[in-house]
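Trainee: Give me the fold of what follows.
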Amino acid sequence: MAVAGVLATTAIVLTGCGIPNLPGPTPTVPDRSEQDAVNAINEVPGVAGSNLNGGSTGLPWLNDIGIDMALEKDYPGDKAKLLNYVLAQLWSQNEVEPTTGVRVHMSVLNGTTVNTPVFLYPIGKSIGFTHTDAPFTVGEAEMIEHFGKWPGKVPTLPVELAKLPTSPPLVQP
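Mentor: A predicted model of the protein is given here:
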């Protein structure tokens, strides 16, 4: 019995020192990062660019993910399909579980320093999101209801959005 006590104490001490006493699972690098989702969003024709905001707070019950994105002037695409695609992309990353919600801010470039915001509430409602906060944020429960358990399936770009004409690059004088 004394030998068992010594072995148990030794195992606890070694574990406390960071020396593993038994093989176990090793941490893995996320196979779909937040940046992967943003890169997919930025590849949509008519999306001028986007930036992530939010993320892990260090507390598992207070993580959110958000995106600020700009559309080219006179964006011809279906904004409801785009919003659904953006939300699905953000939900599909497995780097930070958005436990408080997924936030989207969308604006349209208008040739000045101030972009025109896109009012997302009616667009979100048209695709089934009803419990949003300001700014446009979909809570975890509604994201699960719409896209399934986190992390969701990586979405494919809807054909209607993939075939949009793109604006020529801006020419500098």
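Trainee: show me the contacts for G111.
Mentor: When contacts are counted by CB atoms under 8 Å, 6 or more residues apart in numbering, G111 touches K73. Every C-beta, even on glycine, is put in place using the N, C-alpha and C of the backbone.
Trainee: mind checking how far it is from E72?
Mentor: Using CB to CB, to the nearest Å, one gets 11 Å for the distance from G111 to E72.
Trainee: Only alpha carbons, please: show stretch 135-143 as CSV.
Mentor: Output of stretch 135-143 as CSV, limited to C-alpha atoms (Å, rounded to 0.1, in the frame of the first residue of the first chain):
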residue,chain,number,x,y,z
PRO,A,135,-25.3,45.8,-34.5
PHE,A,136,-26.6,42.9,-36.5
THR,A,137,-25.8,39.9,-34.3
VAL,A,138,-27.2,36.4,-34.4
GLY,A,139,-27.1,34.6,-31.1
GLU,A,140,-25.6,31.2,-30.6
ALA,A,141,-28.9,29.4,-30.3
GLU,A,142,-30.2,30.8,-33.5
MET,A,143,-27.0,30.0,-35.3
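Trainee: which outside residues touch it?
Mentor: Contacts for stretch 135-143 (CB under 8 Å, 6+ apart): 64, 66, 87, 91, 98-106, 120-121, 124, 129-133, 146, 150, 152.
Trainee: ok, 6 Å please
Mentor: 91, 99, 101-105, 120, 129, 131-132 (CB atoms under 6 Å, 6 or more residues apart in numbering).
Trainee: How about stretch 89-100?
Mentor: Contacts for stretch 89-100 (CB under 6 Å, 6+ apart): 30, 32-34, 37, 40-41, 55-56, 61-65, 102, 140, 143, 147, 150-152, 154.
Trainee: Looking at the contacts of stretch 135-143, which are in helices?
Mentor: Residues of the contacts of stretch 135-143 located in helices (DSSP state H): W91.
Trainee: May I ask which two of the contacts of stretch 135-143 are separated the most?
Mentor: Using CB to CB, the contacts of stretch 135-143 reach their maximum pairwise distance at T99 and L120, which is 21.2 Å.
Trainee: what about these two, which has more around it?
Mentor: Set T99 next to L120 and count neighbours by other CB atoms under 10 Å: L120 wins out with 22 against 17.
Trainee: any idea how far L52 lies from T116?
Mentor: 22 Å.
Trainee: Which of the two has more residues huddled nearby?
Mentor: Neighbour count, other CB under 10 Å: between L52 and T116, L52 has more, with 17 against 14.
Trainee: Check which helices and strands the helix or strand containing the more buried one is in contact with.
Mentor: Using DSSP states H and E, L52 sits in strand 47-55. On a contact count with 3 or more CB pairs under 6 Å, 6 or more residues apart in numbering; DSSP states H and E, strand 47-55 meets helix 34-42, strand 64-71.
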